[in-house]
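> attaching a predicted model along with its sequence, questions to come.
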Amino acid sequence: MSIVFKIGDKYPETCNECPLFVDGELGLQPFCIGEGEYTEEEINAEEDGNLDMYYHGCLGNRPKNCPLVEVEDE
């Protein structure tokens, strides 16, 4: 059995566009509600990855362990 939550009509390109990503609201560090996290390798492979993580909490792509799955409408 699977449980699926529909979180939008468009698959987000980046974490910044994702409804599961909390972008520093209420003074919190940005984080993913679905617990998607970048590895050190992903951060180091991206140009300015450490700066982007410090200022935005995300990179220009989704982490490899992103919990989102694109589902076609039935």
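Noted; the coordinates are in hand.
> check contacts around the residue nearest the centre of the chain.
Nearest to the centroid of the C-alpha atoms of the chain, with distances taken as C-alpha atoms, centre = their mean, sits Cys15, at 3.2 Å. Cys15 makes contacts with 21, 32, 36, 57-59, 62-63, 66, as judged by C-beta atoms under 8 Å, 6 or more residues apart in numbering. For glycine as for every other residue, the C-beta is placed from the backbone atoms N, C-alpha and C.
> and the gap between it and Ile3?
Using C-beta to C-beta, to the nearest Å, one gets 22 Å for the distance from Cys15 to Ile3.
> can you check Cys18 too?
Separation of Cys18 from Ile3 (C-beta to C-beta) stands at 19 Å.
> cool, and Asn61?
Look at Asn61 and Ile3: by C-beta to C-beta, they are 26 Å apart.
> now Glu37: closest residue in space that isn't a chain neighbour?
Among residues not flanking Glu37 along the chain, Pro63 sits closest, at 5.9 Å (C-beta to C-beta, 6 or more residues apart in numbering).
> please disregard the earlier target; I meant Leu59.
For Leu59, ignoring the flanking residues on the chain, the nearest one in space by C-beta to C-beta, 6+ apart is Glu46 at 4.9 Å.
> count the neighbours of that neighbour for me.
Close neighbours of Glu46, defined as other C-beta atoms under 10 Å, add up to 16.
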